[in-house]
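Peer 1: only geometry, no sequence info:
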């Protein structure tokens, strides 16, 4: 089975009692995107999150269970092994907690792995999908893209 790289980012409440707020992902070739927000925003958000993350939410949240279901279905649609790429172990842990562990439980027999990227610090607005796109912009040229 071939492999595809997926760049992803999460937004979450804070670093101590981290609770997922949103998840954004984009394929290395840029042809497919995923974005979802949870419907119950945690009350324990840090001041940074309140000021820089929450104002950028779209407001169309879903349950964590539904988010996990949709994200796994999106990953399975590639019919490939999945290499999840992020610049933070917090993001990896958010995905693992959301989806029931790591490697991810993909029902199509595909395998998942995590590729840690160097951390990027920018002044860009903090939106999970926009951050995932930024990771792709910086790092996709370093990944072998298979157009088959």
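Peer 2: Structure's in. What do you need? Every value quoted in this text rests on a predicted model; they were computed, and no experiment measured them.
Peer 1: what's the helix or strand for residue 133?
Peer 2: Element membership for residue 133, per DSSP states H and E: helix 128-139.
Peer 1: what secondary structure does residue 82 sit in?
Peer 2: Using DSSP: H, G, I helix; E, B strand; the rest coil, the structure places residue 82 in strand.
Peer 1: Could I get the pLDDT score of it?
Peer 2: At residue 82, the pLDDT value in this model is 94.
Peer 1: measure it to residue 58 for me?
Peer 2: In this view, residue 82 and residue 58 are 25 Å apart by CB to CB, to the nearest Å. Placement of C-beta: from N, CA and C, glycine included.
Peer 1: Excluding chain neighbours, what is closest to residue 129?
Peer 2: residue 24 (3.1 Å; CB to CB, 6 or more residues apart in numbering).
Peer 1: Quick check: the one you found touching residue 37?
Peer 2: No. With contacts counted by CB atoms under 8 Å, residue 24 stays clear of residue 37, the gap being 9.5 Å.
Peer 1: Report the strands that pair with the lengthiest strand in the chain, each with its relative direction.
Peer 2: Criterion DSSP state E: the longest strand present in the chain is strand 3-12. Looking at strand 3-12 with DSSP bridges, its partner strands are strand 20-27 (antiparallel), strand 81-86 (parallel).
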